[in-house]
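*Asks:* Compute the structure for the input listed below.
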Amino acid sequence: MSDEPVELPIEDWIDLHSFLPEEVPSVVEEYLYQAALRGFRRVRIIHGRGIGVQREIVRSILGRDPRVRSFSDAPTATPCWFSWDPVSVSLSRTCE
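*Replies:* You can find the predicted model right below:
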């Protein structure tokens, strides 16, 4: 396995299923930074269902990030989104 960083496209959502649990904090922090830098006001972070470990990691990061205005369980537009258990995040206008 390579230790080289992988550059991902920044969209208004990110799916954390492909990341190892120990990678999640740095991935979410960098994603929030990049999303705010690009002017996104609302994003979705898909952490999956399971026993709630990823969910708590994500919510902990969101709760202390100054760019995050609010976050909540995302509304389920399709059955596919429901099974992924996303969190909807509202970002501030400025990138701090």
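*Asks:* Following element in sequence after the lowest-mean-pLDDT helix or strand in the chain, please.
*Replies:* Taking mean pLDDT, DSSP states H and E as the measure, the chain has helix 79-84 as its least confident helix or strand, at a mean of 50. Next along the chain after helix 79-84, taking DSSP states H and E as the criterion, comes strand 86-91.
*Asks:* got a list of contacts for that next one?
*Replies:* 13, 32, 35-36, 40-47, 55, 58-59, 62, 67-75 (C-beta atoms under 8 Å, 6 or more residues apart in numbering). From N, CA and C alone the C-beta is placed, and that goes for glycine too.
*Asks:* Spit out the contact partners of Tyr31.
*Replies:* Contacts of Tyr31 (C-beta under 8 Å, 6+ apart): Ile10, Ile14, Val43, Ile45.
*Asks:* Just the helices from the chain, written as ranges.
*Replies:* In the chain, the segments counted as helices under DSSP state H are 24-37, 53-64, 79-84.
*Asks:* Please identify which pair of the contacts of Tyr31 lies farthest apart.
*Replies:* Within those, Ile10 and Ile45 form the most distant pair, 12.6 Å apart (C-beta to C-beta).
*Asks:* Looking at the two, which is more packed in?
*Replies:* Ile45 (27 against 16; other C-beta atoms under 10 Å).
*Asks:* Give me the residue at the spatial middle of the chain.
*Replies:* The residue lying closest to the centre of the chain (C-alpha atoms, centre = their mean) is Ile45, at 3.2 Å.
*Asks:* Not counting its neighbours along the chain, what's nearest it?
*Replies:* Nearest in space to Ile45, with sequence neighbours left out and distances taken as C-beta to C-beta, 6 or more residues apart in numbering, is Val87 at 4.9 Å.
*Asks:* what does Arg93 give?
*Replies:* Nearest one to Arg93, counting by C-beta to C-beta, 6+ apart, is Arg41 at 7.4 Å.
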